[in-house]
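Trainee: Take a look and give me a structure for this.
(chains A and B)
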Amino acid sequence: MTTQPQDPAQPKEKIGVYVCHCGSNIAGIVDVAEVREWAGQRLAGRGVTVARDYKFMCSSLGQELIEKDIKEQGLNRVVVAACSPHLHEGTFRTACGRAGLNPYLCELVSIREQVSWVHTDKHAATDKAKAVVSGGVERVRHHTPLEPLRVAIHPATLVVGGGIAGIQAALELADAGKKVYLVEREPSIGGHMAQFDKTFPTLDCAACILTPRMVSAGNHPNITLLTWSEVTEVHGYVGNFTVKIKQRARHVKTELCTGCGICQEKCPKKVIDDVYEAGLGYRKAVYTPFPQAVPKYPVIDVENCTYFRKGTCRACEKLCPTGAIDFAQKDEVLTVQVGNIILATGFDLFNPQKVTQYGYGRLANVFTSLEFERLTNAAGPTNGAIVLRDGKTVPKSVGIIHCVGSRDRNFNNYCSAICCMQSLKFAHLVKERTGATVYNFYIDIRTTAKAYDEFYQRVLEEGTLFVRGRVAEVTDAARLPGEEGKLILQVEDTLAGKQRRIPVDMVVLSAGLQPRADAKATAQVFGLSCSADGWFIEKHPKLDPVATMTEGVFIAGCISGPKDIPASVAQGSAAAARVLSTIDKGEITLEPVRASINATQCSGCRICNTLCPFGAISFLEADRVSEVNPALCQGCGTCVAACPAGAISGTGFSNDQILSQIEGLLMLNMEYA
Amino acid sequence: MSVNGSKPKFAMYWASSCGGCEIAVLNTGLKILDVDAAFDVVFWPVAMDAKYKDVEALPDGAITLTLFNGGIRNDENVAMAKLLRRKSQILVAFGSCATEGCIPGLANLSPAREVFDTAYGTVSTENPMGVRPQPEVKMPEGVLHIPVFASTVRTLEQVVDVDYFIPGCPPESHQIALVIDLVIQALNGKAQLPPKGATIGAGASTVCDECPRQRNVKKIRAFVRIQELETVDPDLCLLEQGIPCNGPAIRNGCGALCPRAGAQCIGCYGPAEGVVDNGARLIAAFASVVDSNDPVEIERILDGIPDPAGQFYRFSLAGSLLHASRAVR
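Mentor: The predicted model follows:
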């Protein structure tokens, strides 16, 4: 019933144990020399023939130590006690490979993340390190030589999200001659950046720098632009993803439409534009979000179109000079093959209505940052005039509140990174266009990127007033003379050390960024994970910020957290570079960790059938057994754990390997002298 | 029964058991005559009179085949396990108690004191003096010894080396007959015994393998007790109907008797081949097919299994990785 203990008298394995100091990372808590000495003596009966410790095992000198022992002492198993396998499993496997040992006969056990970094008691930590080493030694005895799997990479790439990060990634790939499918949920690409007028800190016009990129993406022979579309299913694995994309019916025949705009002009149905105009302006039921939209073809918003609601109207159809309107168009599902996926689905703006004391939605002249962007935009609802909600009054004083919904334990703890600069930009624009008095209410000013602090200095010099303190309340209840008809900001000025009431005409809430409302659902479609906040998780926050734990799926831009435009663009390029490197290699090597089903033991209960996130398990009706397709299996182990009959085993994670590691950890195989 | 000394010797012993295993052996019908023809039955407390000292008097290894049923609950069981191991060439853990602890093994969830309190102190027991079993009792005639109650129930393998395992509560008679045939043929050189440590008299798959019910991809939105259902679909997998059937994790060999009769498998044939802890297997399997991503909903679905230890470890607790609750250890 349990594993048969091997005869401890004559282990056939010759195991080398290497204990890393990791500078003082490990050696500061774990007595490394003691662990080494203990392993050499007490685990000799379990096959350990060499035990060494070294300052940095991952250094070339450390690796050479292992290689030398393999060659000279004929080691046939290696255990390295160092950091997490995430970090250096590859390093030590490669070292073993260089010395002629199959890389999979090397086991990396973590005495840093799982021991020294989480303990303070040196004695207990040293004992635990010994147990961890013992577990590794027992496990490695059950390792077998494996060969890595090689998978061909399909040269096409799916980019999801047509904001600046997604556009950048798509263009990089397409310019390198690779096929790209760029999928965007809205009728046009452009993303949030298309809504802005000016970009900080250079104040160059967002449209001027963005629209050429949009047009390039729209016209590029290597880019298939799929707007008004969403990815619904992803199957497969790195190199060979099969992606289902739902293309919503535009009700406009793109092959006939010239983008002349007559349909939009003549459509009698006005709809408040909540997306592009942030609710400040109107669009028609047939519309392109903005004049420079890419593609130029409009869509019919079925929910608001009079024809779809009442069966009459058809104005657009009658007046379209090319007969491009097609009310009968149906949603289509497209299936494409790609080798890699880049997700750049961006962010949602924090809804400042949640901060009830700031009165957004209740007090007319409280605006969100996105509303204010539209006010300042020359192509916006006011043609760039900064005016109050009545559409005509120019404010004489404006209060801009930073950190709305950010750095706030009631909402989001994180800093949204862009709001300081955005607020400074707003201050500058108000000054420039209205000459109004501007107050910026901030907690800290964070202007860390290139030329950002210089911009702050400039805004200071322009005479914007800065009040350090979190605004307690925005109210229209006047208490003092001069407050009538104004919005009053109640704030503790923490530099002056007193409470202040500051009356203004207009308040702008610099709302933070937050994950897309449907981020978790997106994560599920692509087999990724989100942090507790809802941001997508990078493979490594510093060293691999655009990769994810799922091979072949990359992330760029605000999907992983708030970022400004330069950072989003850089990430788009970085993700494209990562994808290009795999395409150009033509194939990728994968861990040979795969699940397999023993057909004799399988009773065909079908419990595993829906569990496989890669769709690798199928049920053979005739034989009444389930089967794993090794080409699709990613070795995640879900089915192995779930199989009630124990009929599924995973290479590298066999019962023998896991149980012997547990026995080793518990030191059940030790003989105590 | 024959007392011809030239035949191989057979023994069957019950440790902590209910007697069902013996009945299952007798249920083999006429096959029992084959046993008598092929073996010299030297020790079988339920069927014949024999004393422990008779066994002790035998040379070591004198008994060819011993079927040992019942778990190891007290020191008498330990002593008999060791004695029969010494005297037997082939020692078979026979039935669920000997192989995995069975129902008595559920007592491993409670300390011995609580087991006694329940057995000798609850309302259904008349015990005005509050007497509890004592290993030694002084009487006018001398000191009486009764077996010492251990802290946990153990399986036979947890006490002595075991050659083969026959699962089941009790093992099915037709399976016992097959094993008897195999051993007799092996003794006559006409068949080979399986490798030591093998489970015999059972299949290599699970109950589902023998269950005729239609099975589909599983998605469970509620677990129900079978008596709470107005109708049970006679052809559809019970688990898919929300009835917590242990069949997917339980070794086959019984012919899926319970599911065929419309009752869920409760797990008496123990873990499937190679499985160390079938309770853990069942928990992972059931959890895997719960069809919800909402933590509150999942909690509600799992509340449909009111007694997880009884559901998942009914027969296997003593032999599982858990073996006993923390309180007992």
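
Trainee: packing partners for the longest helix along chain A?
Mentor: Ranked by residue count and defined by DSSP state H, the top helix of chain A is helix A:565-585. Contact analysis of helix A:565-585 by 3 or more CB pairs under 8 Å, 6 or more residues apart in numbering or on different chains; DSSP states H and E lists helix A:164-175, strand A:340-343, strand A:553-555 as its packing neighbours. To be clear about C-beta, it is placed using only N, CA and C from the backbone, and glycine gets the same treatment.

Trainee: quick check: mean pLDDT across the shortest one?
Mentor: This predicted structure assigns strand A:553-555 an average pLDDT of 97.

Trainee: go on, stretch A:331-343?
Mentor: Throughout stretch A:331-343, pLDDT has a mean value of 97.

Trainee: Low-confidence stretches in the chain?
Mentor: Reading this off chain A. A:1-10, A:669-673 (pLDDT under 70).

Trainee: think we crossed wires, I meant chain B
Mentor: Low-confidence segments of chain B (pLDDT under 70): B:1-5, B:329.

Trainee: Show me the strands in it, by range?
Mentor: For chain B, strands defined by DSSP state E occupy the ranges B:9-14, B:40-43, B:63-69, B:72-74, B:88-94, B:136-139, B:142-145, B:149-154, B:164-166.

Trainee: Walk me through the domains of chain B.
Mentor: B:1-202, B:207-313 (automatic domain parsing).

Trainee: A:N598 is nearest to which of those?
Mentor: domain B:207-313 (8.5 Å; CB to CB).

Trainee: Going by residue numbers, what spans are helices in chain B?
Mentor: B:20-26, B:31-38, B:52-57, B:75-87, B:95-100, B:112-121, B:173-187, B:257-260, B:278-288, B:295-302, B:308-313.

Trainee: Please look at B:N27 and B:H174 and confirm they touch.
Mentor: No - with contact defined as CB atoms under 8 Å, B:N27 does not reach B:H174; the gap is 9.3 Å.

Trainee: of those two, who's got more company?
Mentor: Taking B:N27 and B:H174 together and counting by other CB atoms under 10 Å in any protein chain shown, B:N27 has the greater number of neighbours (17 against 14).

Trainee: quick one: the more buried one from chain A, how far?
Mentor: From B:N27 across to chain A, the span is 26 Å (CB to the nearest CB, to the nearest Å).

Trainee: how far away is that residue from A:A169?
Mentor: Using CB to CB, to the nearest Å, one obtains 72 Å as the distance from B:N27 to A:A169.

Trainee: again with A:G74
Mentor: As it turns out, when the distance is counted by CB to CB, A:G74 lies 49 Å from A:A169.

Trainee: Compare those two and say which is more crowded by neighbours.
Mentor: Regarding A:G74 and A:A169, a neighbour count based on other CB under 10 Å identifies A:A169 as having more, with 33 against 10.

Trainee: Enumerate every residue touching that one.
Mentor: Taking CB atoms under 8 Å, 6 or more residues apart in numbering or on different chains as the definition of contact, the neighbours of A:A169 are A:V159, A:I342, A:A344, A:A556, A:G572, A:S573, A:A575, A:A576, A:V579.

Trainee: quick one, what contacts the residue nearest to the spatial centre of chain B?
Mentor: Centrality entry for chain B: nearest residue to the mean C-alpha point is B:S96, 0.9 Å, by CA atoms, centre = their mean. For B:S96, the contacting residues are B:C102, B:I103, B:P167, B:G168, B:C169, B:P170, B:C268, B:Y269, B:G270, B:F315, taking CB under 8 Å, 6+ apart as the criterion.

Trainee: Just to check, the first one is in contact with B:G71?
Mentor: Looking back up the chat, that one is B:C102. Yes - with contact taken as CB under 8 Å, B:C102 and B:G71 are classed as touching, separated by 6.4 Å.

Trainee: Give me the common contacts of those two.
Mentor: B:A318.

Trainee: excluding its backbone neighbours, what's nearest A:K431?
Mentor: A:E462 (5.1 Å; CB to CB, 6 or more residues apart in numbering or on different chains).

Trainee: Next, count neighbours for the one you found.
Mentor: A count of nearby residues for A:E462, using other CB under 10 Å, gives 14.

Trainee: What residues does it make contact with?
Mentor: For A:E462, the contact set (CB under 8 Å, 6+ apart) comprises A:A427, A:H428, A:K431.

Trainee: Counting neighbours, which of those residues comes out on top?
Mentor: When neighbours are counted as other CB under 10 Å, the busiest of the contacts of A:E462 turns out to be A:A427, with 25 neighbours.

Trainee: Name the nearest residue to A:N102, sequence neighbours excluded.
Mentor: Residue nearest to A:N102 in three dimensions, not counting chain neighbours: A:P145, with 3.6 Å by CB to CB, 6+ apart.

Trainee: Any idea how many residues pack against that neighbour?
Mentor: Here the count is done by other CB under 10 Å, and A:P145 has 11 residues near it.

Trainee: Surely it is in contact with A:Y104?
Mentor: Yes - using CB under 8 Å as the test, A:P145 is close enough to A:Y104 to be in contact (6.1 Å).

Trainee: Need the nearest residue in space to B:E273, chain neighbours excluded.
Mentor: Closest residue in space to B:E273, ignoring its immediate chain neighbours: B:A204 at 5.0 Å, by CB to CB, 6+ apart.

Trainee: measure that neighbour to B:G274 for me?
Mentor: Spatial separation of B:A204 from B:G274 under the definition CB to CB is 9 Å.

Trainee: so what sits against both of these two?
Mentor: In terms of CB under 8 Å, 6+ apart, B:A204 and B:G274 are both contacted by the residues A:Q601.

Trainee: On the three-state scheme, the residue of the stretch 201-350 of chain A found nearest chain B is what?
Mentor: Across the stretch 201-350 of chain A, no residue is closer to chain B than A:H235, which sits at 16.1 Å (CB to the nearest CB). Three-state assignment for A:H235 (DSSP: H, G, I helix; E, B strand; the rest coil): strand.

Trainee: wait, what's in contact with it?
Mentor: For A:H235, the residues meeting the contact criterion (CB under 8 Å, 6+ apart) are A:F241, A:T242, A:V243, A:F614, A:G615, A:L632.

Trainee: in the sheet, who's paired with it?
Mentor: According to DSSP bridges, the residues that bridge with A:H235 are A:T242.

Trainee: Check which helix or strand A:E72 maps to.
Mentor: Secondary-structure element containing A:E72, defined by DSSP states H and E: helix A:60-73.

Trainee: buried set for stretch A:285-297?
Mentor: By neighbour count, with 16 or more other CB atoms under 10 Å in any protein chain shown as the criterion, the buried positions of stretch A:285-297 are A:A285, A:V286, A:Y287, A:T288, A:P289, A:F290, A:Q292, A:A293, A:V294, A:P295, A:K296, A:Y297.

Trainee: Run through who's touching that stretch.
Mentor: Residues external to stretch A:285-297 that are found in contact with it (CB under 8 Å, 6+ apart): A:186-190, A:194, A:207, A:211, A:214-215, A:217-218, A:225, A:227, A:250-252, A:254, A:257, A:259, A:261, A:263-264, A:267, A:269, A:271, A:273, A:275-276, A:283, A:298-301, A:304-306, A:316, A:325, A:379.
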